[in-house]
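Asks: Quick one, fold the following:
(one chain, ligands or ions: 2)
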Amino acid sequence: MSHDAPSVTVVIPVYNERGNIAALLERTLSACRGLGRSFELLLVDDGSRDGSSELLAQAARDHPGEVKAIILNRNYGQHNAILCAFAAAQGDILVTLDADLQNPPEEIGRLVATIDEGFDVVGSVRQDRHDAIFRKVFSGIINLMVRRTTGVKLHDYGCMLRAYRRRVVEAMLSCRERHTFIPVLANLFAKRVTEINVGHAERQEGTSKYSILKLVNLQFDLLTCMTTAPLRMLSWVGAGISALSIGFGGLLLILRVIYGPEWAEQGVFTLFAVVFFFIGVQFIALGMMGEYIGRIHADVRERPRYIVDRIVGETLGERAAPQEIRGRSA
Ligand code: UDP
Ligand code: MG
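Replies: Ligands and ions are numbered 1, 2, ... in the order given. Predicted coordinates:
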């Protein structure tokens with residue numbers, strides 16, 4: 001085992017995956033041992049009720065120095081479980097994958113090798129994806145949306161078989177938001193991002209742990225993690241309605257002049273124009289509030305404003321080290 005190669009932490013969230021754990025452990029451990037560098041495997045039990053936690057605890061006892069089990073007291077969701085393991089991880093490179101063996105653990109080596117090439121985040125694109133058709137269509141739309149909004153040209157945000165450099169993970173951990181979507185969050189702090197093609201398998205045992213409702217919730221986490229554009233959109237809608245109603249009012253005035261008072265039907269249409277104008281103004285007001293809420297949203301998240309890569313040169317000598325690497329809002 002070489003000591004200079006960066007060490008690797010593999011993180012796997014587990015929620016009612018009893019039937020998968022034995023095979024998962026075997027395949028993941030052999031993939032990790034094949035890396036030729038130090039590693040740890042962190043298994044997080046996300047409040048399983050099927051005895052998975054006992055199996056994980058047993059795995060940790062069976063493989064001391066290699067496996068650690070972190071058992072949460074209840075279900076907090078996949079992304080929270082992963083963040084919990086990130087906080088405990090020791091490795092220089094962190095890899096996540098699913099417990100259901102849809103992501104082949106054998107790909108860990110390639111992910112790590114790609115990080116070694118100098119990337120901060122390595123995602124993966126599921127080739128020949130084995131999921132329900134509606135899931136594929138749904139993710140297609142979501143991925144397109146994320147690409148448009150973030151400008152980061154990745155293809156598959158849903159696939160959790162990913163590798164991160166430690167400093168990106170530390171930046172994610174210092175974010176204070178409670179609802180998050182790890183792959184999108186990671187891109188905020190990564191300089192070089194890439195993705196590799198990986199295989200995708202049928203879920204080995206059990207069923208998907210995402211109900212429709214949970215899935216919709218997750219998409220909202222993704223959306224709000226990424227952008228406040230929907231709040232801002234209210235202003236645009238309002239401005240649009242107001243502008244149209246002003247145009248409509250102008251048109252009414254002209255027609256009234258041309259066709260005389262009989263045509264105007266006692267001002268019914270004028271009333272419409274006035275009402276629409278005020279509806280538009282209300283939307284603009286909502287949008288203004290949205291701007292403030294968006295900023296509150298950003299402030300409570302306390303995301304790091306920046307990460308310093310390095311500082312070159314020295315000026316007024318050394319002062320006491322700053323308490324934090326990140327700037328805080330006043
Ligand atoms: N998972 C979790 N907590 C949850 C839901 C899922 O830890 O609340 C884990 C689950 O055990 C699996 C991974 O997250 O390891 C992905 O879940 P799943 O395979 O059910 O999602 P799908 O493949 O259907 O998107
Ligand atoms: Mg799955």
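Asks: So which elements touch the lengthiest helix in the chain?
Replies: Taking DSSP state H as the criterion, the chain has its longest helix at helix 268-301. Judged by 3 or more C-beta pairs under 8 Å, 6 or more residues apart in numbering; DSSP states H and E, helix 268-301 is in contact with helix 229-259. Every residue, glycine included, has its C-beta placed from N, CA and C.
Asks: Report the angle between the helix it packs on and helix 268-301.
Replies: Per axes from the mean of the first three to the mean of the last three C-alpha atoms, to 10 degrees, the angle that helix 229-259 makes with helix 268-301 is 170 degrees.
Asks: tell me what helix 229-259 is packed against?
Replies: With contacts defined as 3+ C-beta pairs under 8 Å, 6+ apart, the packing partners of helix 229-259 are helix 268-301.
Asks: buried residues in the helix it packs on?
Replies: Neighbour-count burial for helix 268-301 flags 269, 270, 273, 276, 277, 280, 283, 284, 287, 290, 294, 301 (criterion: 16 or more other C-beta atoms under 10 Å).
Asks: mean confidence score for the longest helix of the chain?
Replies: Mean pLDDT, helix 268-301: 93.
Asks: Just name the closest of the buried residues of helix 268-301 to residue 236, please.
Replies: residue 287 (7.2 Å; C-beta to C-beta).
Asks: for that closest one, what are its contacts?
Replies: Residues near residue 287 by C-beta atoms under 8 Å, 6 or more residues apart in numbering: 231, 232, 233, 234, 235, 236, 237, 238.
Asks: so what's it closest to, chain neighbours aside?
Replies: Excluding the flanking residues, the one nearest residue 287 by C-beta to C-beta, 6 or more residues apart in numbering is residue 235, at 2.7 Å.
Asks: can I assume that neighbour is in contact with residue 281?
Replies: No. The criterion here is C-beta atoms under 8 Å, and residue 235 misses it with residue 281 at 10.8 Å.
Asks: can you map out the helices along the stretch 101-250 of the chain?
Replies: Ranges of helices within the stretch 101-250 of the chain are 108-116, 133-150, 166-173, 182-189, 212-226, 229-259, based on DSSP state H, counting those that start in this stretch.
Asks: Between those helices, which one is closest to ligand 2.
Replies: helix 133-150 (9.6 Å; C-beta to the ion).
Asks: for the closest one, which positions count as buried?
Replies: In helix 133-150, counting by 16+ other C-beta under 10 Å, buried: 138, 139, 142, 143, 145, 146.
Asks: Let's have those in CSV, adding distance to residue 107 and pLDDT.
Replies: Listed next are those as CSV, based on distance: C-beta to C-beta, whole Å; pLDDT from 0 to 100:
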residue, distance to residue 107, pLDDT
138, 24, 87
139, 19, 89
142, 23, 87
143, 20, 89
145, 26, 85
146, 22, 84
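Asks: closest to residue 13 among these?
Replies: Of those, the one sitting nearest to residue 13 (C-beta to C-beta) turns out to be residue 139, at 18.6 Å.
Asks: re the thing from before, worst mean pLDDT among the helices of the stretch 101-250 of the chain?
Replies: Among the helices of the stretch 101-250 of the chain, helix 133-150 carries the lowest mean pLDDT (a mean of 87).
Asks: residue of the stretch 101-250 of the chain with the smallest distance to ligand 2?
Replies: In the stretch 101-250 of the chain, the residue that lies nearest ligand 2 is residue 102 (4.2 Å; C-beta to the ion).
Asks: and that residue, what is it in contact with?
Replies: For residue 102, the contacting residues are 130, 131, 200, 201, 202, 203, 204, by C-beta under 8 Å, 6+ apart.
Asks: could you redo the last one with a cut-off of 7 Å?
Replies: Neighbouring residues of residue 102 by C-beta atoms under 7 Å, 6 or more residues apart in numbering: 130, 200, 201, 203.
Asks: how close does the last one get to residue 15?
Replies: When you say that, I think you mean residue 203. 13 Å (C-beta to C-beta, to the nearest Å).
Asks: Same check on residue 42?
Replies: Between residue 42 and residue 15 the computed distance is 15 Å (C-beta to C-beta).
Asks: Burial check on residue 306, number of neighbours?
Replies: 11 (other C-beta atoms under 10 Å).
Asks: Residues of the stretch 51-200 of the chain that sit close to ligand 1?
Replies: Within the stretch 51-200 of the chain, the positions adjacent to ligand 1 are 75, 77, 78, 81, 98, 99, 100, 102 by C-beta under 6 Å from any ligand atom.
Asks: pretty sure the first one is in a helix, no?
Replies: Just to be clear, that refers to residue 75. No. Using DSSP: H, G, I helix; E, B strand; the rest coil, the assignment for residue 75 is coil, not a helix.
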